[in-house]
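Peer 1: starting from these lines, generate the structure:
(chains A and B)
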Amino acid sequence: MGDIDVEVLKGIHLSIEKGEFVAIMGTSGSGKTTLLNIIGCLDVPTSGRYILADREVSNLTDDQLSEIRNEHIGFVFQNFYLLPYVTVLENVLLPTLYVGGRKDNAEKNAWDLIKLVGLEGRAKFKPNQLSGGEQQRVAIARALINEPGLLLADEPTGQLDSKTATEIMSLLKKMNEQGKTVVLITHESFIASYAQRIIQIKDGIIFE
Amino acid sequence: MDRIFKIVFQSIKAVRAFKLRTLFCLLSVALGISSITVIVAATEGAYQKAFEIVARFGPDSLMVIGGSEQARAAGQRLKTISLEDVEAVKQTFDSAYVVVPMSSMRDATASYKGQKYQTLIVGSTSDYSRAWTWPVIGGSDLTDEDVKGLRNVGLIGQYVAGELFGNEDPVGKYILIKGLPVQIVGVLSERGTSPSGERLDDRIVIPISTLMRKLQNETKYVSAFRIRFVDQKNLYSYLEELRTFLRKRHDIPEGETDDFTIISPKEIIKFLVALTGSLVMFLGVTGIISLIVAGFVLANLFLLSVRERANEIGIRRSTGAKKRDILLQFLFEAVFITTIGGLFGFLLALLSSQLLMSIAEFPIHFSWKAFVVGLLLSWLIGIGFGLQPAKKAAELNPIEAIRG
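Peer 2: Model prediction:
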């Protein structure tokens, strides 16, 4: 009632190969968030198709989308989005709660990841005891725990100073070098320069 | 299953993390559950007490009191039952193994060596202790010769004995009852209080003949008699026979009310249930209202919590939680809180019933029933009032939720 359908993304044809590091740049309102939601299986396109890892996603049920997010996608957000009332370790373990089958060694993997992102000794801390950069490292470790093929980073350095931002970007680059596909959303060209390929989006239309 | 355990564990963490929400929900549930628990325990207590009293009164016994029920209600105890009536009943009813007449005198002054005390004097026969299943524990019982010979002997209740004799052994001693010297020959065992709160051990039992002739100047009428039947099952048909028999003896025309009252175990239960019924009603209404209030407190706090934790829900959804995972988490949080609330409520009920019992001597009996009822109700509230907020949480759109 009263809602007007606005076409946000217009005739986008975009394919991202496995192992790529892609930056999507655009100002706010350009449609980049909508694109990210579709790539991240948080939303489905009203028309058109989205194929993720050889699977048509547009017509899946909510439960199936949840499973795909759980298995294939790791999110890193601008505001970190950690659960405030559990420890770093438990935050990292969060995606393992929703794994279909039994996942062995989840806790050991979490410890390894915490070490990998440089937070040894912080595992039992609560998020509010950490700096912004540290919180984002926790978020990256959480994004990696289920070994997804795709990392989606939405303005991951938006809340961080430039020194910390550099550290976070290096970490994402390292992940890409280890074989993860990374899709980065940003409006800063300095941050986008870490990617191998930069896509501009403006008024729902993309340019390379 | 593994997944459910993990989700339950998440719920427990949230319950611990959101302390204020937990505290308020828990308190309101605990209050509601405690009053319901007290009610269940009180109802059970009342019935237990009723059966105890009936067992003591004798499930095979009837008591016939002079005067109609109406006259008794007005406080008059009319003397309508004569010793001949009692004798006739004894001759006629073969099925009765004890028929015992009784007369009583209230507020009679008994004294021993300057110690004075006002007590109840009961006149009866050598069957008194048998009629009431009230054993004589010290000295000896009254005998038929005591009754026939109008002897000045008596059995003393524990309470009067304490008042008059202190620690001294009363057996063999003489006391004065309204100036009449009476030798105490036996001590009755302790009996406690009647359902209406009367101290039963505050009495002295003497031969009925002695009481009537020497203290009441009475030759014919007694206050009451008690009758016990061998065959307990037919008690209520004997009751009708007895009524017909007495009406005929007293020449009461059809349509007129009895000039005597028959008390049966059923009457006693009726009386007790009426006694506790009003309190149970009051507590019941209070309990149900407070449970409903508790439910609304829970539902409201959870709705607020869902809004406050939209971000958390978004994070969980984006990392792969399904709608049902979110639903279960919030539902478990609610049930977990109400379960603890229920347990606290049970403890609260135990404490408050201690208070009730000491103030009102109200019979309360706790059993697994009260506990189970409380627990089931707390689950019902948790699920009933937690479901809607949990559904709302599950239905949040992850994109909107995560933007908070």
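Peer 1: chain A contacts on the stretch 301-404 of chain B?
Peer 2: B:311-312, B:314-323, B:325, B:398-399, B:402 (Cβ under 8 Å from any Cβ of the partner chain). From N, CA and C alone the C-beta is placed, and that goes for glycine too.
Peer 1: let me fix that, I meant to ask about chain B.
Peer 2: B:2-3, B:6-7, B:10, B:13-14, B:16-18, B:311-312, B:314-323, B:325, B:398-399, B:402.
Peer 1: repeat that for 6 Å
Peer 2: B:2, B:6, B:13, B:17, B:312, B:315, B:318-322, B:398-399 (Cβ under 6 Å from any Cβ of the partner chain).
Peer 1: from the residues you listed, which land in strands?
Peer 2: Using DSSP state E, no member of those falls within strands.
Peer 1: reformat those residues as JSON lines; add distance to residue B:199, pLDDT and neighbour count.
Peer 2: Below are those laid out as JSON lines (distance: Cβ to Cβ, whole Å; pLDDT from 0 to 100; neighbours: other Cβ atoms under 10 Å in any protein chain shown):
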{"residue": "B:2", "distance to residue B:199": "65", "pLDDT": "80", "neighbour count": "12"}
{"residue": "B:6", "distance to residue B:199": "63", "pLDDT": "88", "neighbour count": "18"}
{"residue": "B:13", "distance to residue B:199": "58", "pLDDT": "91", "neighbour count": "17"}
{"residue": "B:17", "distance to residue B:199": "57", "pLDDT": "91", "neighbour count": "15"}
{"residue": "B:312", "distance to residue B:199": "65", "pLDDT": "95", "neighbour count": "24"}
{"residue": "B:315", "distance to residue B:199": "70", "pLDDT": "95", "neighbour count": "26"}
{"residue": "B:318", "distance to residue B:199": "74", "pLDDT": "95", "neighbour count": "28"}
{"residue": "B:319", "distance to residue B:199": "72", "pLDDT": "94", "neighbour count": "24"}
{"residue": "B:320", "distance to residue B:199": "73", "pLDDT": "93", "neighbour count": "26"}
{"residue": "B:321", "distance to residue B:199": "68", "pLDDT": "94", "neighbour count": "27"}
{"residue": "B:322", "distance to residue B:199": "69", "pLDDT": "95", "neighbour count": "22"}
{"residue": "B:398", "distance to residue B:199": "73", "pLDDT": "90", "neighbour count": "26"}
{"residue": "B:399", "distance to residue B:199": "76", "pLDDT": "88", "neighbour count": "17"}
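Peer 1: for these, which one is nearest chain A?
Peer 2: residue B:320 (2.4 Å; Cβ to the nearest Cβ).
Peer 1: for that closest one, what are phi and psi?
Peer 2: With angles defined as degrees, to the nearest 10, residue B:320 sits at phi 120, psi 0.
Peer 1: let me know whether it touches residue A:99 as I believe.
Peer 2: No - using Cβ atoms under 6 Å, residue B:320 is not in contact with residue A:99, being 7.5 Å away.
Peer 1: return the subset of the residues of chain B next to chain A lying in helices.
Peer 2: B:2, B:6, B:13, B:17, B:312, B:315, B:318, B:398, B:399 (DSSP state H).
Peer 1: how about the residues of chain A by chain B?
Peer 2: Contact residues (Cβ under 6 Å from any Cβ) of chain A with chain B: A:37, A:42-43, A:63, A:66, A:69-70, A:75, A:81, A:83, A:85-86, A:94-95, A:97-98, A:102.
Peer 1: just the buried members of these?
Peer 2: A:37, A:42-43, A:66, A:69-70, A:75, A:81, A:83, A:85-86, A:94-95, A:97-98 (16 or more other Cβ atoms under 10 Å in any protein chain shown).
Peer 1: between those, which is closest to residue B:35?
Peer 2: residue A:85 (33.0 Å; Cβ to Cβ).
Peer 1: is that closest one in a helix, a strand, or coil?
Peer 2: Here residue A:85 is coil, with the state taken from DSSP: H, G, I helix; E, B strand; the rest coil.
Peer 1: okay, now residue 80: neighbour count?
Peer 2: By default, I'm working from chain A. 23 (other Cβ atoms under 10 Å in any protein chain shown).
Peer 1: can you look at chain B instead?
Peer 2: Count around residue B:80 with other Cβ under 10 Å applied: 22.
Peer 1: now do the SS call for residue B:98.
Peer 2: Residue B:98 ends up strand, using three-state DSSP.
Peer 1: any idea which residue of chain A lies closest to chain B?
Peer 2: residue A:70 (2.4 Å).
Peer 1: setting aside sequence neighbours, what's the nearest residue to that residue?
Peer 2: residue B:320 (2.4 Å; Cβ to Cβ, 6 or more residues apart in numbering or on different chains).
Peer 1: also residue A:51?
Peer 2: Looking at residue A:51 with Cβ to Cβ, 6+ apart, the closest residue is residue A:57, at 6.8 Å.
Peer 1: so that neighbour sits against residue A:50, correct?
Peer 2: Yes - using Cβ under 6 Å, residue A:57 is in contact with residue A:50, at 4.7 Å.
Peer 1: between the two, which one's more packed in?
Peer 2: Ranked by neighbour count (other Cβ under 10 Å), residue A:57 and residue A:50 place residue A:57 first, with 19 against 16.
Peer 1: how near is that one to residue A:183?
Peer 2: 15 Å (Cβ to Cβ, to the nearest Å).
Peer 1: list phi and psi for residue 172.
Peer 2: Reading this off chain A. Main-chain torsions, residue A:172, degrees, to the nearest 10: phi -60, psi -40.
Peer 1: ah, I was thinking of chain B
Peer 2: According to degrees, to the nearest 10, residue B:172 has phi 90, psi -20.
Peer 1: run through who's touching the strand or helix carrying residue A:135.
Peer 2: Using DSSP states H and E, residue A:135 falls within helix A:132-144. The contact list for helix A:132-144 (Cβ atoms under 6 Å, 6 or more residues apart in numbering or on different chains) reads A:74-76, A:80, A:82, A:88, A:91-92, A:94, A:113-114, A:117, A:119, A:127, A:151, A:159-160, A:164, A:168, A:171.
Peer 1: swap in 7 Å and give it another go.
Peer 2: A:74-77, A:80-82, A:88, A:91-92, A:94-95, A:113-114, A:117-119, A:122, A:127, A:130, A:151, A:156, A:159-160, A:164, A:167-168, A:171, A:175 (Cβ atoms under 7 Å, 6 or more residues apart in numbering or on different chains).
Peer 1: ranges for the strands of chain B?
Peer 2: Per DSSP E, chain B carries strands over the ranges B:61-66, B:81-82, B:96-112, B:115-124, B:136-139, B:153-156, B:174-177, B:180-188, B:203-207, B:221-222, B:224-229, B:260-263.
Peer 1: thank you, goodbye.
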